[in-house]
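[1] Fold the following.
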Amino acid sequence: MIIFSTLGPRGSNHHFVLEQYLAAHGLEQLARVALFDDFHSGARALMASEADYLLQCAVHPAAAEITGTYRSAMVVVDAFVSPSQPMALVQAKGSEVHASRVGVQPATQSYADLSAWPEVVHEPTVLSVQAGLEEGRYGAGIVFASFAAARTERFEVIEPIGTVCDGWIVYGREAIDEGKAVVWRDSPVARQFRQQTAPPVRASVVRSWANAGPRRQPPKACGPS
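    Here you go, the predicted structure:
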């Protein structure tokens, strides 16, 4: 069984996207998912053959560090785009405790205007932000929209964000590039390229019967009518 690893815990956005990726490849029943607290642990597990592949969001703050630190033993073998779970900027109802603080996972900080909060608290995952809101460590946060929907008595949505489509990286141990770019030539964007660069189709000229010149009369029949 193939082992895919990513950032946990269960229900995280990385876990959500990994499940979409496995489903797209038809691997739901053929792969096991291993979840780690940080990407360094996931990278070390991949290098030790405790996992076969590691998934990381390309905009995660640790992406450049992970790619560079483990480049000699762990390589990029795939990349794709995928929307996240729907997100929202959420605020606690009727609480003044820590109301001046907003919690975010750093990659999501620019998703909404946070200028109303003097202090921005960074958390490692969106689920950590949700836990901080539950514990009252700050008065607002960027979280999954489902969090607020399940707790309407305590939290309200200030700004719906919706899904965000990001780039995702899959690491493995065996390089696949052979020193050249590996490109999906029939991808949706490749089809856009072809449409945008295709020569214009010349309209064919169709002459109407009215403009086709004098109409020829059929020959008259000979003999008795």
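[2] what sits against the residue nearest the centre of the chain?
    Most central in the chain under Cα atoms, centre = their mean is residue 82, positioned 2.6 Å from the mean C-alpha point. Going by Cβ atoms under 8 Å, 6 or more residues apart in numbering, residue 82 touches 17, 20, 21, 165, 166, 168. C-betas here are computed from N, CA, C, even on glycine.
[3] Filter those residues down to just the ones in helices.
    Those of those mapping onto helices are 17, 20, 21, per DSSP state H.
[4] Which one of the contacts of residue 82 is nearest to residue 116?
    Nearest to residue 116 among the contacts of residue 82 is residue 166, at 25.7 Å by Cβ to Cβ.
[5] thought that closest one was touching residue 84?
    Yes - Residue 166 lies in contact with residue 84 (Cβ atoms under 8 Å); the separation is 6.5 Å.
[6] Neighbour count: these two, which is higher?
    The residue with more neighbours, out of residue 166 and residue 84 and counting by other Cβ atoms under 10 Å, is residue 84; that gives 21 against 17.
[7] mind showing which ranges of this structure have poor pLDDT?
    Scanning the chain for pLDDT under 70 picks out 204-225.
[8] hmm, try it at 80
    Scanning the chain for pLDDT under 80 picks out 95-98, 202-225.
[9] the strands in it, which residues?
    2-7, 31-36, 53-57, 75-83, 87-92, 101-104, 119-122, 140-144, 155-162, 165-172 (DSSP state E).
[10] among those strands, which is nearest residue 183?
    Across the strands of the chain, closest to residue 183 is strand 75-83 (Cβ to Cβ), at 10.5 Å.
[11] Could you tell me the angle between the closest one and strand 165-172?
    Angle of strand 75-83 versus strand 165-172, following axes from the mean of the first three to the mean of the last three Cα atoms, to 10 degrees, is 150 degrees.
[12] ok now strand 75-83, how far from the chain's centre?
    Relative to the mean C-alpha coordinate of its chain, strand 75-83 is positioned 10 Å out (Cα atoms, centre = their mean, to the nearest Å).
[13] go on, stretch 133-150?
    A distance of 22 Å separates the C-alpha centroid of stretch 133-150 from that of its chain, computed with Cα atoms, centre = their mean.
[14] go on, stretch 39-57?
    Distance, centroid of stretch 39-57 to centroid of chain: 20 Å (Cα atoms, centre = their mean).
[15] in it, what counts as buried?
    39, 41-43, 45-47, 51-57 (16 or more other Cβ atoms under 10 Å).
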